[in-house]
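Novice: Sequence and predicted structure are below.
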Amino acid sequence: MSSRLEGQRRFINLWILRTSIGLSLVSILIGLGVFLAKGRDYLPHTPAGSIASIIVDACQDALSLHASAFLDFGMLVILFTPLVRLGAGIVASMRARDWLYVLIGLVVVALVSLGMLTGQAGG
């Protein structure tokens, strides 16, 4: 792999990490602020179920300014960061024509995504 491509890969990974940490921090601080402003009217809850149901619940709760929606969003950003980094690695590998890494990366993304989307029923 060329040093130029390797430098681009490092830059993109750094940008992804900084952005995800920033988004997560801002979201969690907003959630904390909402929680402190509302008092004990609405206590944050522990999300359960599939990622899709957690995202839907967080969106609905955000419209009502529930603290848990912002806390959940911050945690989801951190949860999805490795998948985004893997996606960026797959794109970089496509550019480098490293088809084995592309295939392995796609299989990993598919398995992790399937697991997150199906979630744990019940809970």
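Specialist: Thanks, I have it.
Novice: For the helix or strand containing Phe11, give the mean pLDDT please.
Specialist: Assigned by DSSP states H and E, Phe11 belongs to helix 3-38. For helix 3-38, the mean per-residue pLDDT is 88.
Novice: which helices and strands sit right next to it?
Specialist: Where contact means 3 or more Cβ pairs under 8 Å, 6 or more residues apart in numbering; DSSP states H and E, helix 3-38 is packed against helix 67-95. (Each C-beta comes from the backbone N, C-alpha and C, glycine too.)
Novice: Check the gap between Leu63 and Met116 for me.
Specialist: Noted for Leu63: a distance of 24 Å to Met116, by Cβ to Cβ, to the nearest Å.
Novice: In terms of neighbours, single out the busier of these two.
Specialist: Neighbours were counted for Leu63 and for Met116 using other Cβ atoms under 10 Å; Met116 has more, 16 against 8.
Novice: Distance check, that one against Leu106.
Specialist: For Met116, the distance to Leu106 equals 16 Å [Cβ to Cβ].
Novice: now Leu29: how far from Asp57?
Specialist: 21 Å.
Novice: Run a quick neighbour tally on Thr19.
Specialist: 13.
Novice: who's in contact with Gly74?
Specialist: By Cβ atoms under 8 Å, 6 or more residues apart in numbering, the residues touching Gly74 are 23-28, 31.
Novice: let's see it at 7 Å
Specialist: Contacts for Gly74 (Cβ atoms under 7 Å, 6 or more residues apart in numbering) come out as 24, 27-28, 31.
Novice: out of the residues you listed, who's nearest Val102?
Specialist: Comparing the contacts of Gly74 against Val102 with Cβ to Cβ places Ser24 closest, at 28.3 Å.
Novice: shouldn't Leu106 be in contact with Val91?
Specialist: No. Leu106 lies out of contact with Val91 (Cβ atoms under 7 Å); the separation is 11.2 Å.
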